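[1] Sequence plus the predicted model coming up.
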Amino acid sequence: MRNLIKYSWLVFGLLSACTSKENKQVQQDDTTPAVNDTGTKITFPKEQSADFFATENIKSSTLMADITAPAKVAATVVRSDEGASGNIVLFDNPELSGNYTQLLQHLTMISQIRNINIKQRKTELARMKDLQEHGAATGKDLLESQTALSMEETNLLNERSAIIEHETKLKAGGFEPVQLRRAPAGTAYIICDIPENEISMVKEGSKCTLQFTAFPNENFKGKIDDVADMIDQTTRMIKLRVSINNANGKLKAGMFGTLAFGLSEGKNMSIDKDALITIQGKNYVFVKTSPTAFERREVNIGDQVGDRIIAYSGLKNGDNVAVKGVMQLKGLSFGY
């Protein structure tokens, strides 16, 4: 196949060289690219031929790609005026509010059963065993104490099972139940949906910017707390949760806005996606080393950000990488 490609270049040279009926003899060396045995170096006989393959000069830089998505204030955390042990979470969704309330109730019961009821039953059982050993209690009394302890342990299991449904619904809504309970007053939680194919570009802990319809001329800074554990099977969207400081209480549950975040990939080399070819699991680019020569380089790549791909190794600052005609260079280099 490599010979076939070389011959195609020869035909091109023959056609371009025929300037008169008398001059029909063309020298193959004047038209055919030279490829070394390993295919790593390609040399063109004329600079004009190599000019067809456009290149870009690459340098180390920090890649940023802005992603925007519609967002909504899904919950705010406020302090209880009645001096309750926990803060109040105000949801824009009444169903989630009910789930959270019932979750707290079950957790309170779990604490009551585990830390008070069961401890009391164990103390009573130990006392009853001691009384029986000294003849002051009957076997029936001991059995009743054991049964009472077993019932409290069963109640504990039932309460733990009951919270699973509420935790599942809260997570489906984009919330983490444990974090909700620990959230300080003055926190607002924003939920937005992004397409499934953008999940790889989202990093927990990344900073983001938000604008709300109620405050069109003001930017709010937030942080991506979490990416949901499930994807909507109908829309193929996944929820992001962002926390934001709302100590001034400006943001209210139910407000709409827009979330934007830049995906920083650090300072690395990057190449245009059109410059990359992949052969048998390895990635290559073609670097122009002189006005008439290209060199094939293997590169170790990272994530794609927009139209750019991170290149961790194989290139250096100032390299001119082919971005046009890459498939032709691939054919010359690999022979197919």
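    Received it, and whenever you're ready, just let me know what you need.
[2] got any ranges where the stretch 201-336 of the chain has weak pLDDT?
    Applying pLDDT under 70 to the predicted model, the residue ranges of the stretch 201-336 of the chain that meet it are 262-267, 305-306, 336.
[3] Okay, buried residues for the helix or strand where R181 lies please.
    Following DSSP states H and E, the helix or strand that holds R181 is helix 177-182. Burial within helix 177-182, assessed by neighbour count using 16 or more other C-beta atoms under 10 Å, is assigned to P177, L180. C-beta coordinates here come from the backbone N, C-alpha and C atoms, glycine included.
[4] elements contacting the helix or strand following that helix?
    Helices and strands here follow DSSP H and E; after helix 177-182, the next one along the chain is strand 187-195. Using 3 or more C-beta pairs under 8 Å, 6 or more residues apart in numbering; DSSP states H and E, the elements in contact with strand 187-195 are strand 66-78, strand 237-245, strand 256-262.
[5] close enough to count as contact, M128 and G139?
    No - at 10.1 Å, M128 and G139 do not qualify as touching, with contact defined as C-beta atoms under 8 Å.
[6] picking that back up, just the CA trace of the helix holding R181, in PDB.
    Output of helix 177-182 as PDB, limited to C-alpha atoms (Å, rounded to 0.1, in the frame of the first residue of the first chain):
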ATOM      1  CA  PRO A 177     -28.300  13.600  53.200                       C
ATOM      2  CA  VAL A 178     -25.300  13.700  55.500                       C
ATOM      3  CA  GLN A 179     -24.100  17.000  54.100                       C
ATOM      4  CA  LEU A 180     -27.600  18.500  54.400                       C
ATOM      5  CA  ARG A 181     -27.600  17.700  58.100                       C
ATOM      6  CA  ARG A 182     -24.200  19.300  58.700                       C
END
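[7] Not counting that helix itself, show me its contacts.
    Counting contacts by C-beta atoms under 8 Å, 6 or more residues apart in numbering, the residues outside helix 177-182 that touch it are 75, 77, 86, 89, 100, 103-104, 107, 166-167, 170-171, 225-226.
[8] Need the mean per-residue confidence for it.
    Helix 177-182 shows a mean pLDDT of 91 in the predicted model.
[9] quick one, phi/psi of N248?
    According to degrees, to the nearest 10, the main-chain angles of N248 amount to phi -80, psi -10.
[10] what about I163, distance to P94?
    For I163, the distance to P94 under the criterion C-beta to C-beta, to the nearest Å works out to 19 Å.
[11] higher neighbour count, these two?
    For I163 and P94, the more surrounded residue by other C-beta atoms under 10 Å is I163, and the numbers stand at 19 against 8.
[12] chain center to the helix holding R181, what's the gap?
    Using C-alpha atoms, centre = their mean, to the nearest Å, the distance from the centre of helix 177-182 to the centre of the chain it belongs to is 22 Å.
[13] and what of stretch 142-153?
    Stretch 142-153 sits 50 Å away from the centroid of its parent chain (C-alpha atoms, centre = their mean).
[14] In PDB, list the C-alpha atoms belonging to it.
    What follows is the C-alpha trace of stretch 142-153 in PDB, where atoms were taken according to Å, rounded to 0.1, in the frame of the first residue of the first chain:
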ATOM      1  CA  LEU A 142     -35.500 -13.600  82.400                       C
ATOM      2  CA  LEU A 143     -37.300 -14.500  79.200                       C
ATOM      3  CA  GLU A 144     -39.400 -11.300  79.400                       C
ATOM      4  CA  SER A 145     -36.200  -9.200  79.700                       C
ATOM      5  CA  GLN A 146     -34.600 -11.000  76.800                       C
ATOM      6  CA  THR A 147     -37.700 -10.500  74.700                       C
ATOM      7  CA  ALA A 148     -37.800  -6.800  75.500                       C
ATOM      8  CA  LEU A 149     -34.200  -6.400  74.400                       C
ATOM      9  CA  SER A 150     -34.900  -8.300  71.100                       C
ATOM     10  CA  MET A 151     -37.900  -6.100  70.400                       C
ATOM     11  CA  GLU A 152     -35.800  -2.900  70.800                       C
ATOM     12  CA  GLU A 153     -33.100  -4.400  68.500                       C
END
